[in-house]
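A.B. asks: No letters, just coordinates:
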């Protein structure tokens, strides 16, 4: 099994690394602070925009969880496939930017 994470400090702590190693889970090498290379970040952004666009914003954690579950069901498989299929363009953009920000990163912020 191979795991991919964003190299956040909490993900690279010795206890986490030991946990993954003890379970024979390899970790895909990944640059730190690279949301433009992680399609899930764009899925979370899509969730955020859709929940915020709702007529009544969630007022508590339970309502937020319900809104997220509802919006998850509203995201089409094609939208998720488009995010995954954009990876070649994302990687090329990061290489062209010499590791700097890309238009994909800017879409998140």
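C.D. replies: Arrived safely. Everything quoted here is computed from the prediction, not taken from an experiment.
A.B. asks: Distance from the chain centre to stretch 50-68, please.
C.D. replies: 20 Å (Cα atoms, centre = their mean, to the nearest Å).
A.B. asks: sorry, that was for stretch 17-25
C.D. replies: On Cα atoms, centre = their mean, the centre of stretch 17-25 falls 22 Å from that of its chain.
A.B. asks: So which bits of it are buried?
C.D. replies: residue 20 (16 or more other Cβ atoms under 10 Å). Where C-beta positions appear, they are placed from N, C-alpha and C, glycine not excepted.
A.B. asks: average pLDDT across stretch 91-101?
C.D. replies: Taken as a whole, stretch 91-101 has an average pLDDT of 82.
A.B. asks: all numbers from here: first residue = 41
C.D. replies: Sure thing, new numbering starts at 41, so read that last one as stretch 131-141.
A.B. asks: Between the two ends of it, what distance do you get?
C.D. replies: In stretch 131-141, first residue to last residue: 11 Å (Cα to Cα, to the nearest Å).
A.B. asks: Mind listing what's buried along that stretch?
C.D. replies: For stretch 131-141, the neighbour count (16+ other Cβ under 10 Å) marks 133-134 as buried.
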